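In: Got a sequence here, can you model it:
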Amino acid sequence: MENQLKLIRKANMNFYKTTGFVFIVMSGFIYTLERGFSLISSSIIQAGFFSGTMTGEIPEVEASSFFNNFFVPLFLVIGVALIIYGVKKK
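Out: Numbers count the residues shown, from 1 in each chain. Predicted coordinates:
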């Protein structure tokens, strides 16, 4: 009976660490996709300007920052918290 409880506790600790890792990876994945798409869309606008269809000042190519998307820092904080909880629960 005690061996089964130890296995269950160990599985719970690994669950928290694994889930935390998944949250951190998803945070990075979402940030990378958002940054890439914002660079592509800004570059398309700039290409339109240089092709002569727009007048005025040259548009700036801007990438999204880390805090533009609410889910990126949220997933990162949740992931770190779950990993810390999994480590400290030992």
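
In: hey, let's count contacts and neighbours off CA atoms from now on
Out: Noted.

In: Wait, residue 79 touches residue 19, no?
Out: Yes - using Cα atoms under 8 Å, residue 79 makes contact with residue 19 at a distance of 7.0 Å.

In: of these two, who's got more company?
Out: It is residue 79, of residue 79 and residue 19, that has more neighbours when counted by other Cα atoms under 10 Å, with 24 against 18.

In: Got the confidence number for the closest residue to the more buried one other than its chain neighbours?
Out: Leaving aside its chain neighbours, residue 79 sits nearest to residue 20 (3.7 Å; criterion: Cα to Cα, 6 or more residues apart in numbering). On the pLDDT scale, residue 20 is placed at 93.

In: go on, residue 44?
Out: pLDDT, read off for residue 44, is 79.

In: circling back: the residue nearest to residue 79 reaches residue 85, doesn't it?
Out: No - with contact defined as Cα under 8 Å, residue 20 does not reach residue 85; the gap is 9.3 Å.

In: So which of these two has more stuff around it?
Out: residue 20 (24 against 15).

In: Tell me how far residue 44 lies from residue 62.
Out: 12 Å (Cα to Cα, to the nearest Å).

In: Likewise for residue 77?
Out: Distance from residue 77 to residue 62, by Cα to Cα: 25 Å.

In: Burial check on the closest residue to residue 17 other than its chain neighbours, number of neighbours?
Out: Leaving aside its sequence neighbours, residue 17 sits nearest to residue 83 (Cα to Cα, 6+ apart; 4.6 Å). Number of residues near residue 83 (other Cα under 10 Å) recorded here: 23.
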